[in-house]
Structure formats: C-alpha cells, structure tokens
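Participant: Got a sequence here, can you model it:
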Amino acid sequence: MTYALEVRGLTARIADLEILRGVDLAVPFGEVHAIMGPNGSGKSTLSHVLMGSPTYEASGEASIAGVDIMSMTVDERARAGLFEAFQYPTEIAGISLDDLTVEMALSNPEDSGYEARIEAASARLDMDRFRGRSVNLGLSGGEKKRSEMYLLGVANPKVAILDEIDSGLDIDAVREVAAMVEALRSPDLGVVIITHYSRILRYMSVDAVHVMVNGRIVRSGGAEIADELEGTGYTEYQVANAR
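Facilitator: Residues are numbered from 1 along each chain as shown. This next block holds a predicted model:
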C-alpha cells in the first residue's frame, strides 16, 4: 500500500538535545489523523522536520506518496506534495494572497490547475475580501487560519500537516476551521492535525488518533482516544514512557 505520508524511525535533535526518538507513522490517502500530546512531546518538531527545517539534525525515513523526501530541500518537499499550516501564521506586509498564489503557480509551472483552484477555494471559503490584502496582516486568529485553509486548497498537496490550527481560537472559530478541513477532504489528500485538545476533533470525522510522548508515538487508535485523554490527561503516558 502506498501511503500519503509514511514515516519510519524518524529522529531529530538540536545539538545534544534529542527531540524525536524514532517516530513511526502512516497516513493513508483520504484520511484525517490527529497527533495529540503534552507540551514538549515533539509534535511541532515532527511537522517542521518533515517540512525540511534546517534547525534540526534529522535521520530516518519519510515519504510522500512513496517518494522519499529526506534528502529534499523545503521547496522540493512542497513541490512533492507536502503542505504545512503553522500554529502562528506569518504576517507578510506588502505581499497579498493573490501575489502569493501567483508565485505558487510560477514555482510549479507543470501544474495547470491553479487558476481553477484559486476561484474554487476563494468561493468555498469566502476569501474575495482578503485576497488583495497583505498576507495575514491585521487579521484575527480565525481569519488567519481561514487564509491557511485557502492556501491549502490552492496548493492541492498530497499531505497537509496542520500544526495546532485550533490554537488561540474561540469556540465559533474552532467549529469554522474544522468545517474548512472537512470541506477540503479528498481521496487524494492525507491530513495530519497536531493538537493538544479534543475540542476541534468533535466537529470533524477523524480516522485515527496518535498519542505522542517524549519524542515517540506511544499509542494509536480511533477517535475515542481523544475523549479518553480529555478525562485522564497525559500523565499516565508520560510516566510509562519516561526518557
């Protein structure tokens, strides 16, 4: 079986600090998987390492649709089909969303579908009023996450890693972002949502939940795991998987 995202034995460190200690993960096309864990467990590091951040010294295996990405640069990984939405989307003064999507199209000239996806994503997410404005400048938390979902729809990746997209949002914005993710579901896309809490998962259909503690995924199962964690927290996992 060819997975949208497959990770085996992935490790990462900064100098002498070991952060990822052998992560194994497989996300099929068409599925939404959640990674949950306490602060400092390595969740965001996993997303940054997969995207190719030079901050980390990484080893192991990672592939997108069966294609190894570990030796690729950040832009090569993006062209291979990997998209990362950030916990704190960057504000870019002087560059509009339209400017950004034009650059995305120019960087991938063999993809002729950008114009149609721009119009479809703009209509679906009601983005016309934002497209001429500087990227994320002066936007609320929910509006910034809407911009991220818009770019995801335009990019049309094979894998989307959504790093704490519910962070800092009120309950209405959480529902809205969850609905956006559901609207972008596709048999050609695998989605990984990184989150601390189960609240956003209540408004979505999640295919699997993975618990990450001390740099490893220590349990995988169905959406019921998120409900369990809401009641029990992570302490039991932290004790059982101490470094």
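
Participant: Going by C-alpha atoms from here, please, whenever you check contacts or count neighbours.
Facilitator: Fine.

Participant: Just want the most central residue of this structure.
Facilitator: Among the residues of the chain, the one closest to the centroid is residue 161, at 1.6 Å (CA atoms, centre = their mean).

Participant: What residues does that residue make contact with?
Facilitator: Residue 161 makes contact with 47, 82, 83, 84, 85, 191, 192, 193, 194 under the criterion CA atoms under 8 Å, 6 or more residues apart in numbering.

Participant: neighbours around the residue lying closest to residue 68 once chain neighbours are set aside, how many?
Facilitator: Nearest non-adjacent residue to residue 68, counting by CA to CA, 6 or more residues apart in numbering: residue 62, 5.9 Å away. Residues lying near residue 62 (other CA atoms under 10 Å) number 24.

Participant: now do residue 39
Facilitator: 11.

Participant: how about it, what does it touch?
Facilitator: Contacts of residue 39 by CA under 8 Å, 6+ apart are residue 196.

Participant: So for it, what pLDDT did the model give?
Facilitator: Predicted confidence (pLDDT) at residue 39: the value is 88.

Participant: follow-up on the earlier one: which element is the residue nearest to residue 68 on?
Facilitator: Assigned by DSSP states H and E, residue 62 belongs to strand 57-64.

Participant: For the chain, which segments count as strands?
Facilitator: Per DSSP state E, the chain carries strands over the ranges 5-14, 17-27, 32-36, 57-64, 67-68, 82-85, 92-96, 134-135, 159-163, 190-195, 208-213, 216-221.

Participant: Just checking: what are the partner strands of the strand holding residue 62?
Facilitator: strand 5-14 (antiparallel), strand 67-68 (antiparallel) (DSSP bridges).

Participant: which ones are touching the residue nearest to residue 68?
Facilitator: Neighbours of residue 62 in contact, by CA under 8 Å, 6+ apart: 5, 6, 7, 8, 10, 50, 68, 69, 70.
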